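K.L.:
from the sequence below, what's the structure:
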Amino acid sequence: GKQLAAVLAFDQPEVRGQIMLGTQTPQLPDAAGLELSGELSRFSLSELLPYLPQGEPVTADRPSILRRVQLKLASLELFNQELQEVEMLATQMSNQWLVDVKSPQAKGKLQISESILTDPLIANMEYLHLTKFPESEQEGELENGAFDMHKLPALQVDVANFSYDSLALGGLLLTTNRVDGNYHLDEFVLTPRDTRISVQGEWLAMPEPAGQTSMAIHIDSKDMGKSLAALGYADAFKHGEGSADAQLEWSGGMIDFVAEKLEGKVSFKFKEGRLLEVEPGAGRLLGLLSVQMLPRRLLLDFSDLFSKGFSFDEIRGNYQLKQGVANTDDFTMIGPSARIDMLGKVDLGQRTYDQQLIITPFVTESLPLLSFLTGLATPQVAAAIFVAQKLFQDDLEKIAQFEYHVTGPWDDPAVVKVSEQRAK
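P.N.:
Numbers count the residues shown, from 1 in each chain. Just a heads-up that it's a prediction; the model follows:
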């Protein structure tokens, strides 16, 4: 059947007509200008961008002939994302294209300038569901990647319901701009369950050829368990309220995020939650918490404390990152039954541990209550024990202090008890 047909008229100062893709018959419009309608198997916006004007907006002296586009697309490529079964209506106004898009992956309105390399692309979306980039593109070099930072337009994006791969990430706000050849991330906000994630950063074109990216990330969570589940780390935490911050840098573009390149620092502090035991290789919180592997080993030593994970009153940590290796001498987790201190390093690129953990059970906390409840002491004696406990608390807690060395791959680390202090 027919694949392309057109009807044109030159009875006005400007040509008018319709170009039809597919098998339908074109109809002559009343208004001046051209309309493009019909069906198309695939259309690529990324392939079109290099051919759009750069800094030369439409004017009365340089009118746009194409005024309206209405297409049904089997596939629409937009910044390396493939949308399926797309209905698109685009209307040209001045130097802007107003675009309505509807597909199973995206629904909303776009505003695209004909000078897109200098003016922002504006999107207001009801929903947007992106697929995961192939591994080769995630870790590709700048010149081979899908996102050439030199050509990426400024963006103003507002999405009510956003998801990436299988992760439901709530609302999304994104504002970027180009300044003197560099690319600035002014605002990037996600709001998954009981969580707010905000990011600011920039990509500097120098040093060539890849440039340099820096990011400041802040996370506030009312329930860290739900937050981590929304980010793909299910069954790692239960509850836990607090915040986390990261200052990160790496060579390359904003999506050239490779663990081996990371430099910077990470800090976090949460309260009143439970760190759950996880299967080896699962839910590793980027590998920073080898302590998640401990319950299985510690059941041999502290079955009453770690049988269902580790409840904590507070967990806090600070890490320094250099060439993808995270070092800490400042990690503490305090619970009602024990304190855990951790120091050492995590290689995020090789995915290995080399850490020391010191576990101090709070053996003194339950003595007065235990004595009273079991009838071994009167309330007066229990009170005396309580006073003595507070006077000699530091020495009593050292009665049982255990040290472990955690080494090897994230999927199967070795946890070895290296020392044990006992009263003499």
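
K.L.:
and stretch 70-87, which residues are buried?
P.N.:
Neighbour-count burial for stretch 70-87 flags 71, 73, 76-78, 80-81, 83, 86 (criterion: 16 or more other Cβ atoms under 10 Å). In short, each C-beta sits where N, CA and C put it, glycine included.

K.L.:
ditto for stretch 318-326
P.N.:
Buried residues in stretch 318-326, counted by 16+ other Cβ under 10 Å: 318-319, 321, 324-326.

K.L.:
tabulate the CA atom coordinates of it in PDB.
P.N.:
What follows is stretch 318-326, C-alpha atoms only, in PDB (Å, rounded to 0.1, in the frame of the first residue of the first chain):
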ATOM      1  CA  ASN A 318      31.600   8.900  58.000                       C
ATOM      2  CA  TYR A 319      33.500   7.600  55.000                       C
ATOM      3  CA  GLN A 320      36.300   9.000  52.800                       C
ATOM      4  CA  LEU A 321      36.300   7.800  49.200                       C
ATOM      5  CA  LYS A 322      39.400   7.800  47.000                       C
ATOM      6  CA  GLN A 323      39.600   6.000  43.600                       C
ATOM      7  CA  GLY A 324      36.500   3.900  44.500                       C
ATOM      8  CA  VAL A 325      37.800   2.800  48.000                       C
ATOM      9  CA  ALA A 326      35.700   3.900  51.000                       C
END
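
K.L.:
how distant is it from the center of its chain?
P.N.:
Taking the mean of its C-alpha atoms, stretch 318-326 sits 18 Å from the chain's own mean (Cα atoms, centre = their mean, to the nearest Å).

K.L.:
cool, stretch 165-173 as well?
P.N.:
Computed by Cα atoms, centre = their mean, the chain-centroid distance of stretch 165-173 equals 9 Å.

K.L.:
buried sites along stretch 261-281?
P.N.:
Residues of stretch 261-281 classed as buried: 261-264, 266, 268, 270, 273-278 (neighbour count, 16+ other Cβ under 10 Å).

K.L.:
ok, which pair from those is furthest apart?
P.N.:
Among these, the pair separated by the greatest distance (Cβ to Cβ) is 261 and 274, at 33.7 Å.

K.L.:
what helix or strand is residue 47 on?
P.N.:
Following DSSP states H and E, one finds residue 47 within helix 45-48.

K.L.:
what's the first helix or strand after that helix?
P.N.:
For helix 45-48, the succeeding helix or strand toward the C-terminus, using DSSP H and E, is strand 66-78.

K.L.:
where does the stretch 101-250 of the chain have low pLDDT?
P.N.:
Using pLDDT under 70 as the threshold, the predicted model of the stretch 101-250 of the chain has low-confidence ranges 133-147.

K.L.:
mind naming the longest strand for the protein?
P.N.:
Here the longest strand in the chain is taken by residue count, with DSSP state E as the criterion, and it is strand 237-251.

K.L.:
how far does that one sit from its chain's centre?
P.N.:
10 Å.

K.L.:
now do stretch 102-120
P.N.:
Remark: stretch 102-120 is offset 23 Å from the chain centroid, using Cα atoms, centre = their mean.

K.L.:
may I have that stretch exported as CSV, CA atoms only?
P.N.:
Output of stretch 102-120 as CSV, limited to C-alpha atoms (Å, rounded to 0.1, in the frame of the first residue of the first chain):
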residue,chain,number,x,y,z
LYS,A,102,0.9,9.5,25.4
SER,A,103,2.3,6.0,25.6
PRO,A,104,2.4,3.2,28.3
GLN,A,105,5.8,4.6,29.3
ALA,A,106,5.1,8.4,29.3
LYS,A,107,2.2,10.8,29.3
GLY,A,108,2.5,14.6,29.4
LYS,A,109,3.4,17.8,27.6
LEU,A,110,6.7,18.9,26.2
GLN,A,111,7.9,22.3,25.1
ILE,A,112,10.8,22.1,22.6
SER,A,113,12.5,25.1,21.2
GLU,A,114,13.7,25.1,17.7
SER,A,115,16.9,26.4,19.2
ILE,A,116,17.1,23.5,21.6
LEU,A,117,20.8,23.7,22.1
THR,A,118,20.5,27.1,23.7
ASP,A,119,16.9,27.1,25.1
PRO,A,120,15.6,24.5,27.7
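
K.L.:
helix, strand, or coil at residue 353?
P.N.:
Following DSSP: H, G, I helix; E, B strand; the rest coil, residue 353 is assigned to strand.

K.L.:
who's it bridged to?
P.N.:
Partner residues in beta bridges with residue 353: residue 346, residue 408, with DSSP bridges as the criterion.

K.L.:
number of nearby residues for it?
P.N.:
24 (other Cβ atoms under 10 Å).
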